[in-house]
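Asks: Quick one, structure for this:
(4 chains)
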There are 2 protein chains.
Amino acid sequence: MAQNLKQRPQVALAVDLAILTVRDSKLQILLVERANEPYRGQLALPGGFIDTADEDLDTAAARELAEETGLAAERLHLEQLRAYGSPGRDPRGRVVTVCYLALMPDLPIPVAGGDARAARWEPVDAVLADGDRLAFDHRVLIADAVERAQGKLENTTLGVAFCPPEFTISELRRVYEIVWRQELDPRNFHRKATSVDGFLEPTGRRTTRGGRPAALYRRGPARVLHPPLLRGHNHSDPGQDKGDGR
Amino acid sequence: MAQNLKQRPQVALAVDLAILTVRDSKLQILLVERANEPYRGQLALPGGFIDTADEDLDTAAARELAEETGLAAERLHLEQLRAYGSPGRDPRGRVVTVCYLALMPDLPIPVAGGDARAARWEPVDAVLADGDRLAFDHRVLIADAVERAQGKLENTTLGVAFCPPEFTISELRRVYEIVWRQELDPRNFHRKATSVDGFLEPTGRRTTRGGRPAALYRRGPARVLHPPLLRGHNHSDPGQDKGDGR
DNA sequence: CCGACTTGGTGTCAAGGTGACGAGAAGCTA
DNA sequence: TAGCTTCTCGTCACCTTGACACCAAGTCGG
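Replies: Okay, the predicted model is just below:
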């Protein structure tokens, strides 16, 4: 167990980013078109190999995020999803990737910030439906990222991560509806969201577009939702999943 | 992006196991005493470097599990927790570890199966309280594993993973009480557990030890809990956590 | 044999949460 | 001003939850 590390099989370590946003009433993800082989011309998650041997995983993810979006990681939510390391997942050799999940509002991001690759938003539903457009096993990573994001909305206050700094309850509700692919009653959602302690802070100001002006809120100090905002169970799934361990 | 992989910084990849069980009315974890430097004599999670360059992460975790406990991975729950890759976490050099979480009933495991290292159960509370006994950053891994396990009990039927094939509702309740560190009303727990569809299947048989004989159940087909079994919020935490991103 | 004790299971009840929905408030447009 | 839209509050029936009474069915000790 304490032999020289150099005698151990070494792998290349990459960090991939699943950056989600709500845009045009759809859940979208930032993807890049691969300029080189393998999977040239196909879509992939932004990411790359860790830079130096001394770079922390979280630091690497934050760096990639900054390169792709020009945004500092502190400004939005960035958390590790999981690691993927099937032997055949990269034809060039053994590459283990640690995927990170980022949630952000619909900002005009300076795409292709430090990099020449073209990055663009793609609707999650579309890319998942046509998985052949995706490189590597990134279809799985995206599916996992969406699932994680859906769960996060139930138990945490991260729905606001998709919203601008000030937002109305309706905007927040539409985030939930889009991420969960499920319609919610505006009145009940309003009641629940405002009743959770520390979730939303009223700004006193109001916005208007169309109907009655809506009160503007900003994110409150709470990070976990008590009680959780539960989505009604999709009757599609009777509960027996496919085993979780992947 | 498509340069030769060999020019990329390579890291050593390890797999660690957080194997939890309920034993002697305590949540316990399987730990090994390190025989070599670094951290010689201290406790560590069982695990090791991936064997061949072609070994899948899940396969490696299952192999380690079999080596440590003699149990096949199909028999119990094994899922990836997350990856840990801080540069300084291993003094020998850059080691990234992928930690797996395993839940198992209190079995007499043939400890130190294929390996000479001494493995033993340690109460989670004790090792977390005295973190200096632990090697590397394993205190963090264990804390994360426990947290994950606690959450799993709320939303999934994995509480039964701590129980033998046939068990009583009381045994299951005690699992919940121990993992959650929280007493539960036996009658309300009974009502909830039996009312969740597909959670428990009555065997028709009963056991007796002490009081009135209890009905024996086996695990049902459901994997997710609808509705979830929520633990009452610990009033200790007002909801503002420390930022999740690590 | 009998009462005390232990544990398991059902029932009840009040309080609070949830979904479904009515209805008014407050803006815009024609 | 009428009609439309969206926001917000309120109501009501139903369900879940927690607290707890109470009975059931075994063991234990004398």
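
Asks: Quick one: low-confidence residue ranges for chain A.
Replies: Low-confidence segments of chain A, defined by pLDDT under 70, are located at A:1-6, A:110-117, A:233-246.

Asks: Run the chain-centre distance for the longest strand seen in it.
Replies: Longest strand of chain A, by residue count under DSSP state E: strand A:10-23. For strand A:10-23, the distance from its own C-alpha centre to the chain's C-alpha centre is 9 Å (CA atoms, centre = their mean, to the nearest Å).

Asks: For that strand, C-alpha coordinates in CSV please.
Replies: Written as CSV, here are the backbone C-alpha positions of strand A:10-23 (Å, rounded to 0.1, in the frame of the first residue of the first chain):
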residue,chain,number,x,y,z
GLN,A,10,-2.1,6.8,-13.6
VAL,A,11,-5.0,8.3,-15.3
ALA,A,12,-5.8,11.6,-16.9
LEU,A,13,-8.2,13.7,-14.8
ALA,A,14,-10.7,16.0,-16.4
VAL,A,15,-13.3,18.3,-15.1
ASP,A,16,-16.6,18.8,-17.0
LEU,A,17,-19.3,21.3,-16.3
ALA,A,18,-23.0,20.9,-16.6
ILE,A,19,-24.1,24.6,-16.6
LEU,A,20,-27.9,24.8,-16.5
THR,A,21,-30.1,27.9,-17.0
VAL,A,22,-33.7,28.6,-17.8
ARG,A,23,-33.9,30.5,-21.1
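
Asks: so after that strand, what's the next helix or strand?
Replies: Next in sequence after strand A:10-23, counting helices and strands by DSSP states H and E, comes strand A:26-33.

Asks: That next one vs strand A:10-23, what angle?
Replies: For the pair strand A:26-33 and strand A:10-23, the angle between their directions (axes from the mean of the first three to the mean of the last three CA atoms, to 10 degrees) equals 140 degrees.

Asks: CA atoms of strand A:26-33 as CSV?
Replies: Included here for strand A:26-33 are C-alpha records, laid out as CSV according to Å, rounded to 0.1, in the frame of the first residue of the first chain:
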residue,chain,number,x,y,z
LYS,A,26,-36.8,25.9,-21.5
LEU,A,27,-34.1,24.3,-19.4
GLN,A,28,-30.9,24.8,-21.3
ILE,A,29,-27.4,23.7,-21.0
LEU,A,30,-24.2,25.2,-22.2
LEU,A,31,-22.4,23.0,-24.7
VAL,A,32,-19.4,23.3,-27.0
GLU,A,33,-18.9,22.0,-30.4
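
Asks: Can you name the residues of chain A sitting close to DNA strand C?
Replies: Within reach of DNA strand C by CB under 7 Å from any atom of the strand, chain A has these residues: A:Asp185, A:Arg187, A:Asn188, A:Lys192, A:Thr208, A:Gly210, A:Gly211, A:Arg212, A:Pro213, A:Pro227, A:Leu230, A:Gly232. (Each C-beta comes from the backbone N, C-alpha and C, glycine too.)

Asks: measure the first one to A:Thr156 for me?
Replies: This points to A:Asp185. Taking CB to CB, to the nearest Å as the measure, A:Asp185 falls 22 Å from A:Thr156.

Asks: Which residue of the two possesses the greater neighbour count?
Replies: Between A:Asp185 and A:Thr156, counted using other CB atoms under 10 Å in any protein chain shown, A:Thr156 has the larger neighbour count: 20 against 10.

Asks: Next, find the distance separating the residue lying closest to the more buried one once chain neighbours are set aside from A:Glu177.
Replies: Beyond its immediate neighbours in the sequence, the residue positioned closest to A:Thr156 (CB to CB, 6 or more residues apart in numbering or on different chains) is A:Val224, lying 5.6 Å away. From A:Val224 across to A:Glu177, the span is 22 Å (CB to CB).

Asks: Count residues in the vicinity of the residue in chain A that DNA strand D sits nearest to, would you?
Replies: Among the residues of chain A, A:Gly211 lies closest to DNA strand D, at 1.9 Å counting by CB to the nearest atom of the strand. Close neighbours of A:Gly211, defined as other CB under 10 Å, add up to 7.

Asks: mind listing what the nearest residue in space to A:Ala161 that is not next to it in sequence touches?
Replies: Taking CB to CB, 6+ apart as the measure, A:Ala161 lies nearest to A:Leu103, with 3.9 Å between them; neighbours along the chain are not counted. With CB atoms under 8 Å, 6 or more residues apart in numbering or on different chains as the criterion, the residues that contact A:Leu103 are A:Leu20, A:Thr21, A:Leu76, A:His77, A:Ala149, A:Lys152, A:Leu158, A:Ala161, A:Phe162.

Asks: The residue of chain A closest to DNA strand D belongs to a strand, doesn't it?
Replies: No - remark: A:Gly211 does not belong to a strand; assigned using DSSP: H, G, I helix; E, B strand; the rest coil, it is coil.

Asks: Angles on the backbone of it, please.
Replies: With angles defined as degrees, to the nearest 10, A:Gly211 shows backbone torsions of phi -100, psi -140.

Asks: Can you tell me how far it is from chain B?
Replies: 32 Å (CB to the nearest CB, to the nearest Å).

Asks: Equivalent analysis for A:Arg92, please.
Replies: Computed as CB to the nearest CB, the A:Arg92 to chain B distance reads 5 Å.

Asks: That residue reaches A:Phe49, doesn't it?
Replies: No - the criterion here is CB atoms under 8 Å, and A:Arg92 misses it with A:Phe49 at 11.0 Å.

Asks: between these two, which one's more packed in?
Replies: Regarding A:Arg92 and A:Phe49, a neighbour count based on other CB under 10 Å identifies A:Phe49 as having more, with 19 against 14.

Asks: Got phi/psi on the more buried one?
Replies: Phi and psi for A:Phe49, reported as degrees, to the nearest 10, are phi -70, psi 150.

Asks: For it, name its beta-bridge partners.
Replies: Residues found in beta-bridge contact with A:Phe49 (criterion: DSSP bridges) are A:Ala14.

Asks: tell me the contacts of it?
Replies: Counting by CB under 8 Å, 6+ apart, A:Phe49 has contacts A:Ala12, A:Leu13, A:Ala14, A:Val15, B:Arg8, B:Pro9.

Asks: now swap in A:Leu17 and tell me
Replies: By CB under 8 Å, 6+ apart, the residues touching A:Leu17 are A:Leu30, A:Leu45, A:Pro46, A:Gly47, A:Ala61, A:Glu64, A:Leu65, A:Glu68, A:Cys99, A:Tyr100, A:Ala102.

Asks: Return the residues in contact with A:Leu81.
Replies: Neighbouring residues of A:Leu81 by CB under 8 Å, 6+ apart: A:Ala18, A:Val98, A:Cys99, A:Tyr100, A:Leu101, A:Leu141, A:Asp144, A:Ala145, A:Arg148.
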